[in-house]
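Enquirer: here is my input, please return the structure:
(4 chains, ligands or ions: 4)
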Amino acid sequence: MTLMTEPAEPASTTTAAAAPAAAAAGPFALEARDVSKHFDGVHALRGAQLAVRPGEIHALLGENGAGKSTLIKVVTGVYAPDGGTLVRDGEEVQFTGVRAANRAGVVALYQELSIIPSISVAENVLLGEQMPSRGGIVSWRSMRQRARVHLERLNQRIPLGMLAGELSPVQQTMVSVARALATDAKVLILDEPTASLTDTEIRELFVVLRSLRDEGVAIVYVSHRLEEVFELCDRLTIMRNGSHITTRDVSASTIDEVISTMVGRDPGSLYPDRGTATEQVTISVSDLQGRRVKDVSFSARAGEVLGIGGLAGSGRSELLRILAGAQKQTSGTITVAGTTVSMRAAVPQMLEAGVALVPEERRSQGVVLGATIRDNIALANIPTVSSAGVVSGARISTIVERGMRDLQIKAHSPRQPVGELSGGNQQKVVLAKMLARRPKVLLMDEPTRGIDVGTKAEIYRLIRQLAAGGTTVIAVSSELPELIGMSDRVLIMHEGRVSGEVDAADADEEVLLSYCYGKADVR
Amino acid sequence: GGSSGTDAGSGGDGGSGKPFKVIAFTSGNQTPIGAWWVKQVQADAKANGWDLTMIQGDFDFQKMNPQVESAIGQGADAIFDGYTDVASISSIVTAAKDSDIPIFAVDAGTEANDAFALNVTSNQQGIADQTVQEISKQLGGLQGKNVMVIGHDPHPGIRMRASLAEAELKKAGANIAGGSIQKVKSPATGRTEALALVSDYLTANPGGLDAVWVGWDDAALGAAQGVSESGSKAIVTGCDASSEAIAAIQSGTSPLVATVEQPWPSVNKTVEDAILAYQKDGTKPSETFDAVDTTLVTKDNAASITPSDKLGS
Amino acid sequence: MTATPTRNPGIEDTSAGVLAVPRRSLGQRALSGGTVLALVALVLFFFAMRPDVFLTFTNVRNILYQVSILAIIAVAQTVVMVVGDFDLSVAATSSLSGSVAGALLTAGQSVTVAVLAAVAVGLAIGLVNGLLVAYLNLSAFVATLASMTSIVGAAYLVTQGTTLFNFPAGFTQLGQGRLLNIPMPVYLAVLIALVAWAVLRFTTIGRSWYAIGGNVEVARLSGISVRRSRLLAFTVAGLVAGIGGILLAARLGSSSAVQGSDNLMFSVAAVFLGMTVIRSGAANLGGTVIGVAIIGVMSNGLNILGVNSYVQQVVTGIIIIAAVTLSSLKTRSR
Amino acid sequence: MTATPTRNPGIEDTSAGVLAVPRRSLGQRALSGGTVLALVALVLFFFAMRPDVFLTFTNVRNILYQVSILAIIAVAQTVVMVVGDFDLSVAATSSLSGSVAGALLTAGQSVTVAVLAAVAVGLAIGLVNGLLVAYLNLSAFVATLASMTSIVGAAYLVTQGTTLFNFPAGFTQLGQGRLLNIPMPVYLAVLIALVAWAVLRFTTIGRSWYAIGGNVEVARLSGISVRRSRLLAFTVAGLVAGIGGILLAARLGSSSAVQGSDNLMFSVAAVFLGMTVIRSGAANLGGTVIGVAIIGVMSNGLNILGVNSYVQQVVTGIIIIAAVTLSSLKTRSR
Ligand SMILES: Nc1ncnc2c1ncn2[C@@H]1O[C@H](COP(=O)(O)OP(=O)(O)OP(=O)(O)O)[C@@H](O)[C@H]1O
Ligand SMILES: Nc1ncnc2c1ncn2[C@@H]1O[C@H](COP(=O)(O)OP(=O)(O)OP(=O)(O)O)[C@@H](O)[C@H]1O
Ligand SMILES: [Mg+2]
Ligand SMILES: [Mg+2]
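Expert: Numbers count the residues shown, from 1 in each chain, chains lettered A, B, ... in the order given. Ligands and ions are numbered 1, 2, ... in the order given. This is a model prediction of the structure:
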């Protein structure tokens, strides 16, 4: 409003300052200038910049904790910035909340929060202002129609009346993506939408994003999967430690260059060398049955990294949960270090036997967000840091210090609540917690989900280091390159069964993919 | 107020200059009668020149008892209990005994006991007699009549008169509906509980009631409502002489036909006189328990009765 | 769309595409109906014991009359619990509203004035609760626990600790009048429940309440004005509780500060029983009505059987546990 | 792992023992201490009003005596709330325990037998609650609401609805005896609170409780036996509530079915007030003690000022809200 009347007067300082930038870069759909944001003792953003044009897909890159998610929350009104300005279509704006941002056409799919489990799929897709209504009365009929349209656009066939909580994690993510697409946003921001998706869904999503771009929507895309970025995006912005580092065209960049800019140094090779496997079998499984898992048998050796792949819902997570004692098996035997464990063994017994799980859903299964790093690490180690039922603070300090040092957990103190850490650092806390138990078999479900390349490399190195120390690592991953890169051997699951087994050294993605779809006789 | 007096248990010291120190307490200050009593005692203390400490307990003995005991610890000449049952204050009784201070009480238990120098209450036997006789009179005898008795055990007075009434009714040949006394659990919901008890009983046994004897008016009004809503011809009696009960009786359309007035002002006067006598020369009453007679309230005399919740106003 | 009379429209998609997630088995469905089964079992049991009485028109009307005000309070509680909160002050609010109405009537005000003032009191209390919870971010539990304490105190002040009575017939008719031989509060309870059901199901605010109850953060990030919605939920609860209080005063022809205080616990129990009825485990009106019915049937049935009231209380607790256990079997997991 | 100073600025600081990043600011600290401030403010206020009485030895002892049993019940509630559950039956359990002790004493049993039986009753109730919640997966709210109902019924049956009294001195001494002029329940409350504090802070089970309260699923996947721990929490709560009930009976020299029923609401209020004291917002013993103190000081102070008891009730609610609001300001976010 003010801007529209201003040309009549001599240029004010605001317009004067804004003019050169706008003139140089053309009209931006959304601009964040010099944004800073503090949390309790953390300087999450300092001088962050972002400028997106209509009709581009703009990648926002940076390692874990670089401030990407925080910036997104600032530009969508979730957080009030400590300093800096937001400009929407050339007009300076201040969003008082998510609603205000949404009304201005700025919509985000946030990283960690996706769906409301207790309400229907249709409502999840059209949550909030999107819900079709007249005079405050909801039209269920048009809600279903519109929800179906949005889901079909992503090629999802999900019963609309189902509760979102009953969907698989992949479907839940797709529902929340559909919600973001349903908003008719002019600026659409997606914070790691593909972290928990498999290739099929990612394809569908890209098709839609490209067509939105062609319609003139400005899209901000956050991902740690750089191949995706290079395939999809037009320009990219790299952040480091809360600051803006560079913005340039994707066509003028290479992956290696982007990585080194992100981490501020040469990352070296992503995957460490293999070859730590021994002959000694640490865990063997025969004829395991669960709810979805069927007749699974395999064994793994000390020092071996066994990768497990498969499509969403193929039962990989369930397999790991059964091995960790977190879910009941209906039949079959599990033998750890020569001893067959009881069918009724739960997590404490499996931990005792030397099997530890780093679960899939970090925030709901891995860490207590409100508790400190120290308390989180202590959590899985209560039996080992106590005698006669009394916990030793000194022994906790020892394992916490060691864990934080070994894993380079980035925090200002062991007493910082885990909820304040970035995703990568949260994952490291989960790892530290489990590694302190010195497991013989470490189960990792999607160990690098939502983790930046730098930290990814660290985690691969760590996995290999553990293997070199004689640990068996069994890791589930939905990313085939990762599966091949980090493992010695790969098992592929299809509909609850093992559909193929491949030596990672001579695996190629195509073969693995065909196993994923259950085509067993390619070899 | 000046906290004087370390002369605990010195008994009457009318001659000395120090004012006579009285600790008064009631657990029932949220009830109209309790509220009346607090005001009355405060006024009388002023007139008598007492140094009065008034402690009110809202039925919360955890809170009230320590306060009374600590006041006792600071010394007093007499303790005045209003409407608080002896069972709930045994720690106070012990503390008073240890400090040798007599307790004078209004309506603090239904039987004689050695806790009090004097406890004056209403005559539960008399209440039972009056109400049962009135029922008998109105029904033309009790033989074979079906009478429901509704009581409330936590209140010792109600409990006692209910069991006396039950015994009398049985003796006169009446059937006790439901086999025994029906028990209301909470005084707060007494009216709705009694209403449901009567309605449900009359549904299960249409025409199965000739009368309902209820231990106190609030529940009696609920029972009366249940009777009239069920279209029954049964009559109801209560106790307390609350204004609402008196109005119902006067109306002539309510099944509630009688209640009982307990003469609290005169009871209180009796007890205060005993305290004054003790103040004067240390004499304690010869009898430690007195149960005074009550007045049956029916349509005939209802107009002349001061309702219990309008005492002092 | 025409082919799917079930309550999950959109299910036809199942046949068309691959459905990764299996629907619930028949066994699970039956179990989740455990609360309904418990109600049916109770009805059958009491009917078997007293076939001549239990299902007669008079007795059913009796039950309905007895639970009608509880049902209204439970509606208030349901709304707040849909949002994922609690309102411990509903019963106190109803007593205060009833007391205010009573005091005004006693002071010679007209029925209209008394009713409007009492409704306003309920509304105001709900508003205050809502402000405390939604805008001052107090936990609903503490906020309404504290406000309950203050409200009871206020009700004592309004009634001066006595029972107010002698209300004009125009007022008591609201609670005691009959239409087609059925008492007014029954109609009003049904009406209020229906309106609340429709609001919860068909309005944007109702759906916002469910979204907030499902996950506040997601709701907020989806652009739902969480604060305003929660404020509204508490306000509605206060309003409805106030109406309940007026009806209770009219029904008993009297008002006192503690009148109907047992409605708090019973309303919470009813909503909880009702939450076991549906898949999502959220508070819901249908379920609440079933919960209220269980409580009503139980107390009436036990009275009819002449069970000692202390024993009744023991049995009530056990039946609630049994009903909920039956339903919860479905969610048992290791 | 070679040092990479640019990437992890915090970590080497930690190992070097230097914290580059400031801890919470003073302002935030003061706000989170809002509940403590509220307590201090109350004490100062009452002291200013009645300097001759309020902080005298006698009156402080009085306050301690008045809150000692509430403190014990609040300890029980704290344990359960640490686990993230509720126990609505604590006060009822204490009444039943006290009633059982009273009934046995009345029946001529020895003090030892009566006390042991009453403790066993508390323990058994806690165990049942724990089984319902931990093994039958009932919501703690419903389970303990229902068990509360049954327990009160049982207490009515045990006492036959009356107030039992006339207990031997050996029993009443537990509640009325003094050591160094301070009543026994005060010592016992302090002892129980200290033990509970140590258990919560220093034992494996205490840490498990906190973990479960933080996130059940994370705790389970971290190898904590969630069921057993929750069972234990409820059992401990039952046991402690039982002890509280015995002391209450001994302290009053009487027992009845509804004795001390206010302790439920007050214990919950105390724990909630206490939760505002610490940063994580979890139930904690230090906070609970402060909460109990606020309640005790408030009620005693208002009595000393001779405030009308209805007004007291209104004020109590307002003070609780004020205290919690003060603390909650820190967590206000946009
Ligand atoms: N609510 C919060 N309170 C305190 N600190 C926070 C909060 N949210 C984020 N931070 C801190 O701000 C920094 C930036 O975090 P942010 O989540 O924006 O990183 P990111 O780039 O999105 O990382 P990732 O790739 O892991 O998602 C981190 O150091 C994080 O610990
Ligand atoms: N139909 C369903 N009902 C309930 N939960 C489901 C359903 N489908 C999947 N899930 C949940 O999703 C999790 C993952 O399932 P599963 O182990 O079969 O898949 P996965 O191969 O690990 O694939 P992904 O985790 O990528 O979806 C399971 O732990 C399960 O809890
Ligand atoms: Mg992020
Ligand atoms: Mg998985």
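Enquirer: got the contact list for residue 285?
Expert: No chain in the question, so chain A it is. Contacts for A:V285 (Cβ atoms under 8 Å, 6 or more residues apart in numbering or on different chains) come out as A:296-299, A:323, A:332-335. Any C-beta I mention is one placed from the backbone N, CA and C, and that applies to glycine too.
Enquirer: you looked at the wrong chain, it should be chain B
Expert: Shown in contact with B:P285 (Cβ under 8 Å, 6+ apart): B:117-118, B:274, B:277.
Enquirer: wait, is it part of a strand?
Expert: No. Under the criterion used here (DSSP: H, G, I helix; E, B strand; the rest coil), B:P285 is coil, not part of a strand.
Enquirer: that one and chain A, how far apart?
Expert: To chain A, B:P285 is 62 Å away according to Cβ to the nearest Cβ, to the nearest Å.
Enquirer: list phi and psi for that residue.
Expert: B:P285 adopts backbone torsions of phi -60, psi 150, taken as degrees, to the nearest 10.
Enquirer: report pLDDT for it.
Expert: B:P285 is assigned 87 on the pLDDT scale.
Enquirer: look at stretch B:288-301 and report the distance between its end residues.
Expert: Start-to-end span of stretch B:288-301 (Cα to Cα, to the nearest Å) is 32 Å.
Enquirer: let me redo that: stretch B:135-143
Expert: For stretch B:135-143, the separation between the terminal residues is 12 Å (Cα to Cα).
Enquirer: run through the stretch 101-250 of chain C and note the low-pLDDT ranges.
Expert: For the stretch 101-250 of chain C, no stretch has pLDDT under 70.
Enquirer: need the residues of the stretch 51-200 of chain A near ligand 3, please.
Expert: A:68-69, A:111 (Cβ under 5 Å from the ion).
Enquirer: list the residues that contact residue 224.
Expert: Let's take chain A. A:H224 makes contacts with A:192, A:195, A:448, A:450-453, A:456, as judged by Cβ under 8 Å, 6+ apart.
Enquirer: nope, chain C
Expert: A:99, A:127-128, C:208, C:211-212.
Enquirer: how far out from the middle of the chain is the helix or strand containing B:N268?
Expert: Under the criterion of DSSP states H and E, B:N268 resides in helix B:264-281. Distance of helix B:264-281 from the chain centroid (Cα atoms, centre = their mean, to the nearest Å) equals 18 Å.
Enquirer: near chain D, which residues of the stretch 1-150 of chain B?
Expert: Contact residues, the stretch 1-150 of chain B versus chain D (Cβ under 8 Å from any Cβ of the partner chain): B:3, B:29-30, B:55-56, B:58, B:60-63, B:65-67, B:70, B:73-74, B:85-91, B:93-95.
Enquirer: and for the stretch 151-300 of chain B?
Expert: So far as Cβ under 8 Å from any Cβ goes, the stretch 151-300 of chain B lies against chain D at B:152-154, B:156, B:159, B:183, B:185-186.
Enquirer: got these as a markdown table, with secondary structure, neighbour count and pLDDT columns?
Expert: Putting these into a markdown table (DSSP: H, G, I helix; E, B strand; the rest coil; neighbours: other Cβ atoms under 10 Å in any protein chain shown; pLDDT from 0 to 100) gives the following:
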| residue | secondary structure | neighbour count | pLDDT |
| --- | --- | --- | --- |
| B:H152 | coil | 25 | 89 |
| B:D153 | coil | 24 | 84 |
| B:P154 | coil | 24 | 81 |
| B:P156 | helix | 21 | 83 |
| B:R159 | helix | 22 | 88 |
| B:K183 | strand | 22 | 87 |
| B:K185 | coil | 22 | 82 |
| B:S186 | coil | 16 | 79 |
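Enquirer: A:R235: neighbouring residues, count only.
Expert: Number of residues near A:R235 (other Cβ atoms under 10 Å in any protein chain shown) recorded here: 18.
Enquirer: can you check A:L71 too?
Expert: Neighbour tally, A:L71, other Cβ under 10 Å: 31.
Enquirer: pretty sure it contacts A:R46?
Expert: No. A:L71 is not in contact with A:R46 according to Cβ atoms under 8 Å; the separation is 11.1 Å.
Enquirer: mind giving me the domain split of chain A?
Expert: Here the domain parsing of chain A from automatic domain parsing is A:19-264, A:270-516.
Enquirer: circling back: can you redo the residues of the stretch 151-300 of chain B next to chain D as TSV with distance to C:S309?
Expert: Shown next, in TSV, are these (distance: Cβ to Cβ, whole Å):
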residue	distance to C:S309
B:H152	10
B:D153	10
B:P154	13
B:P156	18
B:R159	14
B:K183	5
B:K185	6
B:S186	10
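Enquirer: ok, and which of these reach chain C?
Expert: For chain C, the contacts drawn from those by Cβ under 8 Å from any Cβ are B:183, B:185-186.
Enquirer: within the helices and strands, which one has C:V158?
Expert: Assessed by DSSP H and E, C:V158 sits inside helix C:140-159.
Enquirer: ok so, going back, any idea which helix or strand comes after the helix holding B:N268?
Expert: The element immediately downstream of helix B:264-281 (helix or strand, assigned by DSSP H and E) is strand B:289-292.
Enquirer: hmm, back to that, just the buried members of the residues of the stretch 51-200 of chain A next to ligand 3?
Expert: Neighbour counting by 16 or more other Cβ atoms under 10 Å in any protein chain shown classes A:68-69, A:111 among those as buried.
Enquirer: return the member of those nearest to D:A249.
Expert: Ranked by distance to D:A249 (Cβ to Cβ), these are led by A:Q111 at 56.6 Å.
Enquirer: before we move on, back to that, show the buried residues in the contacts of A:V285.
Expert: A:296, A:298, A:323, A:332, A:334-335.
Enquirer: now, which of those residues lie within strands?
Expert: A:296, A:298, A:332, A:334-335 (DSSP state E).
Enquirer: switch those over to TSV; also include distance to D:A241 and pLDDT.
Expert: Below are those laid out as TSV (distance: Cβ to Cβ, whole Å; pLDDT from 0 to 100):
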residue	distance to D:A241	pLDDT
A:V296	48	92
A:F298	52	92
A:G332	45	89
A:I334	43	90
A:T335	47	90
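Enquirer: I appreciate the help and will end here.
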